[in-house]
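Chemist: Give me coordinates for this.
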Amino acid sequence: MFKVHRQINQIDYQDTLVIGILQKTSKLTGLASKIDEQLNGQLTVLMKDGDLQTKYKAITKLHTLEKLSVKRLYFVGLGKEDMLSFERLKRAFGELFQAIQKAKHQHVTIAIDSFCNENITHNEVAHALSEAFALSTYKILDYKQKSNEPEKQIESVHILTENDDISEIKSSLEIGYAFGKGTNSARTLTNMPPNLLTATELAAYSVELANKYQFEYEILEKEDMERLGMGALLAVNKGSEEPPKMIVLKYQGREEWTNVIGLVGKGITYDTGGYSIKPKDGIVGMKTDMGGAAAVLGAMEIIGEIRPEQNVIAVIPSTDNMISGGAFKPDDVIVSLSGKTIEVLNTDAEGRLALADGVTYAKFHGANYIVDVATLTGGVIIALGTETTGAMTNNEELFEQVLQASHECDEPIWRLPIFENDKKRVRLSKMADLNNSPGREGHAIMAGAFIGEFAESTPWVHLDIAGTATTSKESELGPSGATGVMARTLAAFVERFEDSK
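Modeler: Sure thing, here's the model as predicted:
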């Protein structure tokens, strides 16, 4: 897909050459200057006349009319130099690749030196470019009748540079592309219809992923869960004809199985709300309730590609939440894997029940740190909207590492508090150790506090992606629908993790 060339060599520019250009540039430099000379200064004239746009994300397409060896030039406006950053660069590349894809050009050469400055290195440009390529050209896998004629896609991206360290640039391209592809895999899983993505199919996908990247894996069947006492996940499954699965993937990046990071993803493949049934407007779209599982699997794909020197256990409790004569009910009391009993006050608060057993099982596999991710509550959307993920924690140092990873990946998170009174509310029950839904007030916090009861003293971060797992808006980095949010953040967190013990 990506090929790197030294600019001093004569190469075939294919049919499209891309150059970055800063806003308020007084004089063209580098390759742009050489091309301007070949075109008798016409680029300078076009820029002065405003026909060659330099404002941020502006894309200018120029035909060379056979005056150069390349058919067409694309100029990418980079805006003001002091505002250029990795994330802004990634979005500019996304705008570029969408324009090229729309024009159906299949081969493109990018002069990456023109996108660098004192603050943005060649490696950062390469990472931003390849990640943006994967994200921006992603298309939803749909099930419409189509013509047998395949759509034209970008087939190759050639990278042009005068930098001596081509191997580092190649490595950055591979890493950026892995981050983008892993996010796309999470998007595809989350977008899938629930009749096609059952817990069984999610487990099968996980096994394929494990085989591809040589992960160890374990798939617990219903009988295994009954033997172990996973009463919380089994309760959610009681109304379903589809069997539940407890999915475990193990990546060992160190010689000894120590300092293990546990990634726990909610895998509810469809959520009716159970007997606490959702309204007709709220039930549509509940195929995305396994967005946490998708994020974890997307992160594991990235981890499989970049092979960090860390130990990771991924745990996904998966089922759907359906209604039948045998379904669990409000007022039921269930026994979780941890031994803690739970009074069910709301069957639509099922995700935290599944995660309770998932977190406990991650600890069983030796997880020393836990990050859980879930489309958990409508309350987090009320609190933070649809562009910020809610977070809770019992450990400041672990949270800071997750926060830093989210900054790097431009997936904003905001911390919500858990005070002692919040813990008291989830412990308030005459019938059991805990209740699963103390009420609407502080709904997102109550869900986090409940999961924290199972993390106990293990350093833990909870990420509620109910608002961010999907988007209704297209962007330069992808279509509307599933976002694959937190796949990159989790992978970046794992890659840079530092043990504080």
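
Chemist: For the rest of this, base every contact and every neighbour count on C-alpha atoms.
Modeler: OK.

Chemist: Isn't residue 129 up against residue 176?
Modeler: Yes - the criterion here is CA atoms under 8 Å, and residue 129 meets it with residue 176 at 7.5 Å.

Chemist: more crowded one of these two?
Modeler: Neighbour totals were compared for residue 129 and residue 176, and residue 129 leads with 29 against 24 (other CA atoms under 10 Å).

Chemist: tell me the contacts of the more buried one?
Modeler: 89, 90, 93, 173, 176 (CA atoms under 8 Å, 6 or more residues apart in numbering).

Chemist: what about the strands in the stretch 101-250 of the chain?
Modeler: 107-111, 156-161, 216-220, 245-252 (DSSP state E, counting those that start in this stretch).

Chemist: Now mean neighbour count too, for those strands, in a markdown table please.
Modeler: Converted to a markdown table, the strands of the stretch 101-250 of the chain look like this (neighbours: other CA atoms under 10 Å):
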| stretch | mean neighbour count |
| --- | --- |
| strand 107-111 | 22 |
| strand 156-161 | 22 |
| strand 216-220 | 17 |
| strand 245-252 | 24 |
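
Chemist: In terms of pLDDT, where does residue 242 sit?
Modeler: Per-residue pLDDT puts residue 242 at 98.

Chemist: Which parts of the stretch 201-350 of the chain are helices?
Modeler: In the stretch 201-350 of the chain, the segments counted as helices under DSSP state H, counting those that start in this stretch are 222-228, 231-237, 280-283, 291-306.

Chemist: Tell me which of these sits most buried.
Modeler: Highest mean neighbour count among these (mean count of other CA atoms under 10 Å): helix 291-306, with a mean of 29.

Chemist: What is the neighbour count of residue 255?
Modeler: Counted with other CA under 10 Å, residue 255 comes out at 9.

Chemist: backbone phi and psi for it, please?
Modeler: Main-chain torsions, residue 255, degrees, to the nearest 10: phi -60, psi -40.

Chemist: Next: residue 386.
Modeler: Main-chain torsions, residue 386, degrees, to the nearest 10: phi -110, psi 10.

Chemist: for residue 163, same thing?
Modeler: phi -70, psi 140.

Chemist: In contact with the nearest residue to it once chain neighbours are set aside, which residues?
Modeler: Counting by CA to CA, 6 or more residues apart in numbering, residue 6 is the residue found nearest to residue 163 once chain neighbours are left out, at 7.3 Å. Residue 6 makes contacts with 160, 161, 162, 163, 164, 166, as judged by CA under 8 Å, 6+ apart.

Chemist: related to what we said a few turns ago, okay if I get the strands of the stretch 101-250 of the chain as a markdown table plus mean pLDDT?
Modeler: Shown next, in a markdown table, are the strands of the stretch 101-250 of the chain (pLDDT from 0 to 100):
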| stretch | mean pLDDT |
| --- | --- |
| strand 107-111 | 94 |
| strand 156-161 | 93 |
| strand 216-220 | 98 |
| strand 245-252 | 98 |
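
Chemist: Let me see the domain layout of this protein.
Modeler: The record's domain parsing of the chain by automatic domain parsing lists 2-164, 213-327+348-422+441-496.

Chemist: With respect to those, which exhibits the lowest mean confidence?
Modeler: With a mean of 89, domain 2-164 has the lowest mean pLDDT of these.

Chemist: thinking again about what came up before, nearest to residue 81, out of the strands of the stretch 101-250 of the chain?
Modeler: Nearest of these to residue 81, taken as CA to CA: strand 107-111 at 17.4 Å.

Chemist: farthest-separated two in the contacts of residue 6?
Modeler: The largest separation in those, counting by CA to CA, is between 160 and 164 at 11.5 Å.

Chemist: Contact partners for the residue lying closest to residue 249 once chain neighbours are set aside?
Modeler: Take residue 249 and drop its neighbours on the chain: the residue closest to it by CA to CA, 6+ apart is residue 217, 4.5 Å away. Counting by CA under 8 Å, 6+ apart, residue 217 touches 207, 210, 247, 248, 249, 250.

Chemist: Which elements pack onto the helix of greatest length in the chain?
Modeler: When the chain is parsed with DSSP state H, its longest helix is helix 166-191. Applying 3 or more CA pairs under 8 Å, 6 or more residues apart in numbering; DSSP states H and E, one finds that helix 166-191 makes contact with strand 2-6, helix 122-136, helix 291-306, strand 481-482, helix 487-496.

Chemist: possible to save these as TSV with distance to residue 55?
Modeler: TSV is the format used below for the helices and strands packed on helix 166-191 (distance: least, CA to CA, whole Å):
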stretch	distance to residue 55
strand 2-6	27
helix 122-136	18
helix 291-306	33
strand 481-482	29
helix 487-496	28
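
Chemist: Burial check on residue 174, number of neighbours?
Modeler: A count of nearby residues for residue 174, using other CA under 10 Å, gives 20.

Chemist: meant to ask about residue 324
Modeler: Neighbours around residue 324, by other CA under 10 Å: 12.

Chemist: Give me the phi and psi for it.
Modeler: phi -160, psi 180.

Chemist: Quick check: the closest residue to it other than its chain neighbours vs residue 355, distance?
Modeler: Using CA to CA, 6+ apart and skipping the chain neighbours, the partner closest in space to residue 324 is residue 239 (4.9 Å). Residue 239 sits 18 Å away from residue 355, going by CA to CA, to the nearest Å.

Chemist: just residue 196 next, same as before
Modeler: When distance is defined by CA to CA, residue 196 is 23 Å away from residue 355.

Chemist: now do residue 24
Modeler: Residue 24 sits 53 Å away from residue 355, going by CA to CA.

Chemist: neighbour count winner among the two?
Modeler: Using other CA under 10 Å, the more surrounded residue of residue 24 and residue 355 is residue 355, with 28 against 13.
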